[in-house]
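Participant: Turn this into a structure:
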Amino acid sequence: MFCYVFFLWSFFVTSSFALPSCPSLCECDKKDSSWNVYCRKAVINDTVYAEVLNQLPLTLRSLHIQPPTNRGGSNKLRWNDNINRFAQLRVLRLINCQIPAMSRSIRLPSLEVLDLRSNNIEHATMSNFGGMPKLRVLDLSSNHLNILPTGVFTYLRQLRSLSLSNNTISDLSTNLLRGLNSLRVLRLDRNPIPIEQINDLFTDISQLDELYLNHCNLSSISLLALDRIPQLRQLGIGGNDLKHVPSKEMRSLSQLSVLDLSYNSIQEIPACALCNTNVSKLDLSNNLLGIAKGSQFNEDAFRNIPLRHLDLSFNHLDEFDSKWLGWAQEELTSIALSGNLMKRE
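Facilitator: Coordinates of the predicted model:
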């Protein structure tokens with residue numbers, strides 16, 4: 001009897017204090033006791049996910065789970081609160097795992113990056129984010145979010161980058177981003193959000209550096225209150241239905257250095273198109289510059305900007321003369337012209 005009890009005790013001790021090991025379906029970068037773990041070789045379900053969590057050390061630093069891109073099948077997981085064991089976890093990426101919802105009991109005090117792209121999350125509440133006070137990057141893109149309640153991000157005072165791209169958000173609650181004084185990057189691509197509601201956001205995030213409104217069904221940005229975010233350095237408004245370079249709207253953005261106007265319906269570049277800005281990289285690819293009759297570029301189109309990189313790919317151009325670049329000729333270091341109709345003579 002004593003031997004049997006001793007055997008059980010030994011088994012319990014051995015199981016409880018078993019050394020961490022790298023799960024067979026993952027790759028582990030072991031740096032002393034802090035591990036970075038990548039599980040991207042095979043499809044993972046709830047059972048396998050639970051086993052993975054049980055095998056990893058409490059000092060886990062980074063965990064990345066994503067289905068393999070070169071094989072069929074997809075991950076299917078539910079949130080597992082056993083992840084809370086990893087108090088030192090800084091980066092958590094659960095990408096394309098069909099996760100239906102986040103837990104309201106998340107306690108990850110060291111977490112800085114939470115990447116939940118391409119899941120099935122429909123709702124987010126304040127309680128989902130109360131246990132991650134150091135979070136700096138949150139990616140909820142390509143989920144099924146529709147409405148976000150007021151105060152949902154209240155606890156994320158150190159948040160610097162927020163992506164809500166490619167959801168079905170059509171209505172933004174009042175004061176959605178209030179208190180996020182550290183936020184620098186906001187991605188709202190592919191959401192049918194009214195411009196008035198986007199403007200309301202700017203009141204609380206005047207310090208914004210980057211804004212992305214690509215593929216948001218915008219035919220004009222004349223009502224977009226860009227003057228409320230004067231520090232903006234990068235702006236993405238590609239994939240809309242803009243027919244003109246929004247010159248007037250850009251004039252309040254003296255620090256703007258990167259502008260994406262690709263996939264619009266722009267046919268010409270007027271004089272002083274981006275005056276008063278600091279644009280050095282301009283993407284005009286996939287527009288209609290070759291459709292317009294006469295000169296597509298005013299000789300003063302790029303006056304007073306330090307333009308160095310220009311993309312004119314796929315614009316139906318059947319000819320191109322470097323003189324069209326006018327003031328940009330001396331500063332320009334790269335120009336993309338692929339996908340046009342130009343012929344060699």
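
Participant: so what's the backbone phi/psi at residue 83?
Facilitator: Per-residue torsions, residue 83: phi -60, psi -20 (degrees, to the nearest 10).

Participant: likewise residue 47?
Facilitator: Note on residue 47: backbone dihedrals following degrees, to the nearest 10 are phi -60, psi -50.

Participant: can you give me the strands for the stretch 101-250 of the chain?
Facilitator: Along the stretch 101-250 of the chain, counting by DSSP state E, counting those that start in this stretch, strands occupy 113-115, 137-139, 147-148, 161-163, 171-172, 185-187, 210-212, 234-236.

Participant: what about the third one, distance to the chain center?
Facilitator: Chain-centre distance of strand 147-148: 18 Å, with CA atoms, centre = their mean, to the nearest Å.

Participant: now swap in the fourth one and tell me
Facilitator: Using CA atoms, centre = their mean, the mean C-alpha position of strand 161-163 is found 6 Å from that of the whole chain.

Participant: What mean pLDDT does that strand get?
Facilitator: Regarding strand 161-163, the rounded mean pLDDT is 99.

Participant: Residues contacting that strand, please?
Facilitator: The contact list for strand 161-163, computed with CB atoms under 8 Å, 6 or more residues apart in numbering, reads 117, 136-141, 153, 177, 180, 183-187. Heads up, the C-betas are built off the backbone N, CA and C, glycines and all.

Participant: run the last query once more with 6 Å
Facilitator: 137, 138, 139, 141, 185, 186, 187 (CB atoms under 6 Å, 6 or more residues apart in numbering).

Participant: any idea which of the residues you listed is the one closest to residue 129?
Facilitator: Taking CB to CB as the measure, residue 129 lies nearest residue 138 of the contacts of strand 161-163, at 7.9 Å.

Participant: tally of neighbours for the closest one?
Facilitator: A count of nearby residues for residue 138, using other CB atoms under 10 Å, gives 22.

Participant: cool, and residue 123?
Facilitator: 16.

Participant: Need the nearest residue in space to it, chain neighbours excluded.
Facilitator: In space, and not counting its chain neighbours, residue 123 is closest to residue 101: 6.7 Å by CB to CB, 6 or more residues apart in numbering.

Participant: and the one you found, how many neighbours does it have?
Facilitator: Using other CB under 10 Å, the number of residues around residue 101 comes to 15.

Participant: Distance check, it against residue 126.
Facilitator: Taking CB to CB, to the nearest Å as the measure, residue 101 falls 14 Å from residue 126.

Participant: now swap in residue 141 and tell me
Facilitator: From residue 141 to residue 126 the distance is 20 Å (CB to CB).

Participant: Also residue 151?
Facilitator: Distance, residue 151 to residue 126, by CB to CB: 5 Å.

Participant: Check residue 232 too.
Facilitator: From residue 232 to residue 126 the distance is 28 Å (CB to CB).

Participant: Residue 163 now?
Facilitator: From residue 163 across to residue 126, the span is 19 Å (CB to CB).

Participant: Between the two, which is the more surrounded one?
Facilitator: Neighbours were counted for residue 163 and for residue 126 using other CB under 10 Å; residue 163 has more, 21 against 15.

Participant: what about the helices in the stretch 151-300 of the chain?
Facilitator: Using DSSP state H, counting those that start in this stretch, the helices of the stretch 151-300 of the chain run over 195-202, 247-250.

Participant: Contacts only, for residue 141.
Facilitator: Going by CB under 6 Å, 6+ apart, residue 141 touches 117, 163, 165, 166.

Participant: Surely the last one and residue 190 touch.
Facilitator: Yes: A contact is recorded between residue 166 and residue 190 when judged using CB atoms under 6 Å, the distance being 4.4 Å.

Participant: Residue 118 versus the most centrally placed residue in the chain, what's the distance?
Facilitator: In the chain, the residue lying closest to the centroid (CA atoms, centre = their mean) is residue 163, at 4.5 Å. Distance of residue 163 to residue 118, computed by CB to CB: 12 Å.

Participant: go on, residue 303?
Facilitator: 43 Å.

Participant: Neighbour count: those two, which is higher?
Facilitator: residue 118 (20 against 16).

Participant: Go ahead and confirm that one touches residue 144.
Facilitator: No: with contact defined as CB under 6 Å, residue 118 does not reach residue 144; the gap is 10.7 Å.

Participant: Partner strands of the helix or strand where residue 63 lies, with direction?
Facilitator: If you go by DSSP states H and E, residue 63 is part of strand 62-65. For strand 62-65, the paired strands and their directions (DSSP bridges) are strand 34-39 (parallel), strand 91-94 (parallel).
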